[in-house]
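Asks: turn this into a structure:
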Amino acid sequence: MKYLLRLILILNVSIVLAATSKSSQDDSLVCSTIEKSCIPHSALVNCSFLPESFLECDSPLDLKGNKTEQEVKGYGCSKFGGWQYEDVQHTAVMCRVLDGIECCGARSFLRHGKPCVKYSGHYFTTTLIYSLLLGFLGLDRFCLGLTGTAVGKLLTLGGFGVWWVVDIVLLVTGSLTPEDGSNWNTNV
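Replies: Have a look, this model is predicted:
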């Protein structure tokens, strides 16, 4: 029994050494090379556990509404945006550890849980001010990228005031959003 345990220990050590000496292929989905294996109770943290401030992560992959490709790949965003947590899709993105950070395990890996949200320079507060002050000229809709309806609003002077008031209500209730489907920037 004693010799059997020693044999198992020797085999485990040789397997760990072989795994750390081999390098895996780098094809942007599979983790790159294993530089240091993670030893339990060591001072080094597994690279995949590092906070985002120590990582450089890619943007979520835009699949442009292709849900089949999302199912095949297992990651990517078929839909961006959403106003409630339940409406927002989450995906995995490729992250790399910054130079100078010591950690064990793969330095490139897929990190799950990244929200499929994009921001494109639209600020709610600014748009609301435009709508209140110059909404009768359609400036709020021009800023949101809704050019066709903005021209109509400009030519009718805000639908003789009715369209202007309706747009303020739509904006405050969250029904009037940027045309490109992006979320509002959180900073004023």
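
Asks: could you check the pLDDT of Ile159?
Replies: Check again: residue 159 is Gly, not Ile. We have a pLDDT of 90 for Gly159.

Asks: leaving out sequence neighbours, find the closest residue to it.
Replies: Lys153 (6.6 Å; C-beta to C-beta, 6 or more residues apart in numbering). Yep, even glycine has a C-beta here, placed from its N, CA and C like the rest.

Asks: which SSE is immediately downstream of the lowest-mean-pLDDT helix or strand in the chain?
Replies: Here the helix or strand of the chain ranked lowest by mean pLDDT, DSSP states H and E is helix 2-21, holding a mean of 46. On the C-terminal side of helix 2-21, the nearest following helix or strand under DSSP states H and E is strand 55-57.

Asks: in the helix or strand hosting the residue nearest to Gly159, what counts as buried?
Replies: Secondary structure assignment for Lys153, by DSSP H and E: helix 147-155. Buried residues in helix 147-155, counting neighbours by 16 or more other C-beta atoms under 10 Å, are found at 150, 153.

Asks: what's it in contact with?
Replies: The contact list for helix 147-155, computed with C-beta atoms under 8 Å, 6 or more residues apart in numbering, reads 135-142, 159, 163-164, 167.

Asks: dump the residues you listed to a markdown table, plus secondary structure and neighbour count.
Replies: Output for the contacts of helix 147-155, formatted as a markdown table (DSSP: H, G, I helix; E, B strand; the rest coil; neighbours: other C-beta atoms under 10 Å):
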| residue | secondary structure | neighbour count |
| --- | --- | --- |
| Gly135 | helix | 24 |
| Phe136 | helix | 20 |
| Leu137 | helix | 17 |
| Gly138 | coil | 27 |
| Leu139 | helix | 18 |
| Asp140 | helix | 28 |
| Arg141 | helix | 26 |
| Phe142 | helix | 17 |
| Gly159 | helix | 16 |
| Trp163 | helix | 20 |
| Trp164 | helix | 21 |
| Asp167 | helix | 26 |
